[in-house]
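Colleague: Fold the following for me, if possible:
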Amino acid sequence: MSLYFKIGLVLDQLNGDERKEIPRLDNELVKPLKHSLDLPPPGNKGRTYICTCMIFMRPTSGAKQVMKKWIEQLQGQPWSRKVKSNHQPAFNWDLNKTARQVDLYLLPQVAFPSGGLYFKNQTWVQETKGQHVIIHYNYITGFDKKIKRFHDFGLWLVDDHAQEPPLGRV
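Modeller: Next up is the predicted model:
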């Protein structure tokens, strides 16, 4: 089984042991000041597999280095309707090349689960209830199917009166 990690990347240029605080959720640090710089263990293809769905980066030289290498990797890939390049493997290869050159922190999976975990493992959902911040809605295609699944799971929070003026009916 290959590991699937959510990345909310906080990339900063390394500066000794000095760390900056990272954005907060409900006034708790998302990233501890003294965290490991190690990537998760590689999967069965020899590289760490990190989902690129949500990335937060500061415009530091380290973050720019990762983005530059990622763009270069993508530019070298073919793209057509038949052969679609995939940005995620390119990111992971380049992230492995720049490991320990940038400050990186993976967002906690309990707060930022993938759709594959959230929608397919109800035991996990119940065990972690109240701790989810953002659910990555992957593993399903089609706008209507996604909305239906949100309704089915009680996650559709869009106001039914969205077409009304912001101050209510006039």
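
Colleague: which other residues reach stretch 113-130?
Modeller: Under the contact criterion Cβ atoms under 8 Å, 6 or more residues apart in numbering, stretch 113-130 has outside partners 4, 6, 51, 53, 109-110, 132, 135-140, 149, 153. Using the backbone N, CA and C atoms, a C-beta is placed for each residue, glycine as well.

Colleague: how does the protein divide up, domain by domain?
Modeller: For the chain, automatic domain parsing gives the domain ranges 5-103, 111-170.

Colleague: ok, of those, where does mean pLDDT dip lowest?
Modeller: In terms of mean pLDDT, the lowest-scoring of the domains of the chain is domain 5-103 (a mean of 67).

Colleague: rewinding a little: tell me which of the contacts of stretch 113-130 fall in helices.
Modeller: R149 (DSSP state H).

Colleague: Just among the contacts of stretch 113-130, which is most surrounded?
Modeller: When neighbours are counted by other Cβ atoms under 10 Å, K6 leads the contacts of stretch 113-130 with 22 neighbours.

Colleague: next one: phi and psi at V102?
Modeller: Main-chain dihedrals, V102, degrees, to the nearest 10: phi -130, psi 150.

Colleague: K120 and Y137: what is the separation?
Modeller: As judged by Cβ to Cβ, to the nearest Å, K120 and Y137 stand 13 Å apart.

Colleague: wait, which of the contacts of stretch 113-130 is closest to P40?
Modeller: Y4 (9.7 Å; Cβ to Cβ).

Colleague: Show the contacting residues for W156.
Modeller: The neighbours of W156, taking Cβ under 8 Å, 6+ apart as the test, are I147, F150.

Colleague: and it, which of the three is it?
Modeller: At W156, secondary structure determined by DSSP: H, G, I helix; E, B strand; the rest coil is coil.

Colleague: K69 versus that one, what's the distance?
Modeller: With Cβ to Cβ as the criterion, W156 and K69 are 39 Å apart.

Colleague: Longest helix in this protein, please.
Modeller: For the chain, the helix with the greatest residue count under DSSP H is helix 61-75.

Colleague: other SSEs contacting that one?
Modeller: Here helix 61-75 touches strand 10-13, strand 56-57, helix 87-97, strand 102-103, going by 3 or more Cβ pairs under 8 Å, 6 or more residues apart in numbering; DSSP states H and E.

Colleague: Recalculate using a threshold of 7 Å.
Modeller: For helix 61-75, the elements it packs on are strand 10-13, helix 87-97, strand 102-103, judged by 3 or more Cβ pairs under 7 Å, 6 or more residues apart in numbering; DSSP states H and E.
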